[in-house]
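Student: Here is my input; please provide its structure:
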Amino acid sequence: MALEVHMFPCLSDNYGFLVHDPASGATAVIDTPEVAPINSALAEKGWTLTHILNTHHHFDHAGGNEALKAQWGCTVVGAANDAARIPGIDVQVSDGELFSFGSTQAQVIETPGHTTGHIAYYFADDGIAFVGDTLFALGCGRLFEGSPADMWSSLRKLMALPDETTVYCAHEYTQANAAFALSVEPGNADLVARSEEIDRLRAAGIPTVPTTIGLEKATNPFLRPDSGNLRETLGMADAGQDDVAVFAETRRRKDSF
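Tutor: Numbers count the residues shown, from 1 in each chain. Predicted coordinates for the structure are as follows:
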């Protein structure tokens with residue numbers, strides 16, 4: 001029986017995600033940005049919270065851990081290499097590990113860059129991935145703790161997932177990301193069309209999340225350091241095979257865009 005995903009807004013631009021396994025009744029929340037909306041979503045669905053799956057330690061992702069754990073007695077799962085910064089952690093997981101959730105499993109993918117201990121959760125049987133702040137629709141996370149090489153390696157791990165994988169990222173940043181993407185890859189027709197669709201969705205108050213791996217590979221400049229148009233715009237047409245350098249320059253420009 002397929003997993004059910006319920007998405008809802010939290011804070012100013014976060015999304016919360018409940019993941020429910022109908023076969024077992026297990027329900028996880030991916031990160032804990034804000035307690036009240038999470039509890040409201042659980043009440044709306046009639047689900048009992050059994051797990052918290054943390055992607056990283058930032059307060060808008062783990063700030064509600066202890067309150068929800070005290071209320072529900074749920075199990076907190078997080079990165080083994082960042083356990084000291086995950087409030088209330090019970091289960092520590094590492095890269096490549098399969099974490100059993102109800103009747104299914106999530107593959108843990110270590111994705112350092114935004115933080116050194118960032119992880120993503122990939123439910124292969126359902127073709128869905130929860131990527132926290134590593135990959136955004138048309139963007140990627142700021143490099144608060146890792147290097148450009150770290151983040152590019154992490155993004156390549158996510159790019160290796162099947163193109164049809166549904167990607168749930170943690171923030172509604174897409175419209176701003178689209179404006180930047182167009183500034184560095186204006187010749188990408190797929191990007192131009194996607195940007196127009198994003199404007200339409202946001203004008204109607206419709207989320208731009210989730211996305212897919214295939215769509216991001218076609219339009220997200222942070223996944224496209226081999227793009228001739230991008231390299232030309234960046235003045236890096238002669239960068240050879242140095243995708244990390246092109247990625248780093250793209251990220252640098254986004255930081256000051």
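
Student: ranges for the helices of the chain?
Tutor: With DSSP state H applied, the chain shows helices at 35-45, 59-62, 65-72, 148-159, 174-184, 189-203, 213-219, 228-234, 243-255, listed in chain order.

Student: any idea of the mean pLDDT in the fourth one?
Tutor: Mean pLDDT, taken over the full extent of helix 148-159, equals 98.

Student: in it, what counts as buried?
Tutor: Within helix 148-159, the residues scored as buried using 16 or more other Cβ atoms under 10 Å are Pro148, Asp150, Met151, Trp152, Ser153, Ser154, Leu155, Lys157, Leu158. C-betas here are computed from N, CA, C, even on glycine.

Student: Tell me the one of these nearest Asp95?
Tutor: Closest approach between these and Asp95, by Cβ to Cβ: Lys157, at 8.8 Å.

Student: Nearest residue to the closest one in space, please, no chain neighbours.
Tutor: Ile109 (5.5 Å; Cβ to Cβ, 6 or more residues apart in numbering).

Student: Please save the CA atoms from stretch 115-134 in CSV.
Tutor: Extracted C-alpha coordinates of stretch 115-134, given in CSV (Å, rounded to 0.1, in the frame of the first residue of the first chain):
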residue,chain,number,x,y,z
THR,A,115,25.3,21.7,7.1
THR,A,116,28.0,19.1,7.7
GLY,A,117,25.4,16.6,9.0
HIS,A,118,22.6,17.0,6.5
ILE,A,119,20.8,13.9,5.3
ALA,A,120,18.0,13.1,2.9
TYR,A,121,15.4,10.3,3.0
TYR,A,122,14.6,8.3,-0.2
PHE,A,123,11.6,6.0,-0.2
ALA,A,124,12.5,4.0,-3.3
ASP,A,125,9.3,1.9,-3.4
ASP,A,126,7.2,5.0,-3.6
GLY,A,127,9.7,7.1,-5.6
ILE,A,128,9.8,10.0,-3.2
ALA,A,129,12.6,11.9,-1.6
PHE,A,130,12.7,14.4,1.3
VAL,A,131,15.8,16.5,0.7
GLY,A,132,15.5,19.3,3.4
ASP,A,133,17.6,22.3,2.5
THR,A,134,20.1,20.5,0.1
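
Student: tell me the average confidence for that stretch?
Tutor: 98.

Student: Go through that stretch and flag the buried ones.
Tutor: For stretch 115-134, the neighbour count (16+ other Cβ under 10 Å) marks 115-123, 126-134 as buried.

Student: Extract the residue ranges of this protein that are flagged as low pLDDT.
Tutor: Applying pLDDT under 70 to the chain picks out no residues at all.

Student: shouldn't Phe257 be in contact with Ser183?
Tutor: Yes. Counting by Cβ atoms under 8 Å, Ser183 is a contact partner of Phe257 at 7.0 Å.

Student: Distance of Asp190 relative to Glu197?
Tutor: 11 Å (Cβ to Cβ, to the nearest Å).

Student: wait, Ala84
Tutor: From Ala84 to Glu197 the distance is 42 Å (Cβ to Cβ).

Student: In terms of packing, which of those two has more residues around it?
Tutor: A count of neighbours by other Cβ atoms under 10 Å puts Glu197 above the other of Ala84 and Glu197, at 11 against 8.

Student: gap between that one and Leu230?
Tutor: Glu197 is 21 Å from Leu230, by Cβ to Cβ.

Student: swap in Ala149?
Tutor: As judged by Cβ to Cβ, Ala149 and Leu230 stand 18 Å apart.

Student: Contacts only, for Gly139.
Tutor: The neighbours of Gly139, taking Cβ atoms under 8 Å, 6 or more residues apart in numbering as the test, are Tyr173, Thr174, Asn177, Phe180, Ala181, Asn220, Phe222, Lys254.

Student: check contacts around the second one.
Tutor: With contacts defined as Cβ under 8 Å, 6+ apart, the neighbours of Thr174 are Phe136, Ala137, Leu138, Gly139, Ile198, Arg202, Thr208, Val209.
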